[in-house]
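Q: task: produce atomic coordinates for the following.
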Amino acid sequence: MVHSNAGIGAFDDSPDMDLEKWNQMLSVNLIGVMLVDVACANVMIQHGHGGSIINTASVSGHIVNPPYGDAPVITCYPTCKAAVIHLTKSLALSYAKHGIRVNSISPGYI
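A: Numbers count the residues shown, from 1 in each chain. Predicted coordinates for the structure are as follows:
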């Protein structure tokens, strides 16, 4: 079993967010999850025993949370976490034939 639990946020996650910060969040929150999932799935396939992959998405991947006070609406974080949800579904279809289950959880604010 593997639990991909990557996630970073930013206080300035607005539509005007710096592209370098956007790419950093995307790299950690989505690409990092994908790399861990694929690497672990390949080991599970080599061993022939199936397995389970759990990705941490977020409630923010399903809805756009209203901002607190004067904070801007966040854009990159929910975009990344929505992509994790769809990545999870795609990998579930890809790895089902190997007995590997791929699911995500979507916690709210903690």
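Q: can you pull out the strands in the chain?
A: When assigned using DSSP state E, the strands of the chain occupy the ranges 2-4, 51-56, 100-105.
Q: most tightly packed of those?
A: Comparing the strands of the chain by mean neighbour count (mean count of other C-beta atoms under 10 Å), strand 51-56 comes out on top with a mean of 19. From N, CA and C alone the C-beta is placed, and that goes for glycine too.
Q: and it, what does it pack onto?
A: strand 2-4, helix 32-47, helix 76-95, strand 100-105 (3 or more C-beta pairs under 8 Å, 6 or more residues apart in numbering; DSSP states H and E).
Q: can you pull out the low-pLDDT segments for the chain?
A: By pLDDT under 70, the weakly predicted segments of the chain are 110.
Q: nearest to Leu26, of the helices and strands packed on strand 51-56?
A: helix 76-95 (5.8 Å; C-beta to C-beta).
Q: need the contact partners of the closest one.
A: The contact list for helix 76-95, computed with C-beta atoms under 8 Å, 6 or more residues apart in numbering, reads 7, 9-10, 13, 17, 21-22, 25-26, 29-30, 33-34, 37-38, 41, 44-45, 53, 55-58, 60-65, 101-104, 106.
Q: list the buried residues of stretch 74-86.
A: Within stretch 74-86, the residues that qualify as buried by neighbour count (16 or more other C-beta atoms under 10 Å) are Ile74, Thr75, Cys76, Tyr77, Pro78, Thr79, Cys80, Lys81, Ala82, Ala83, Val84, Ile85.
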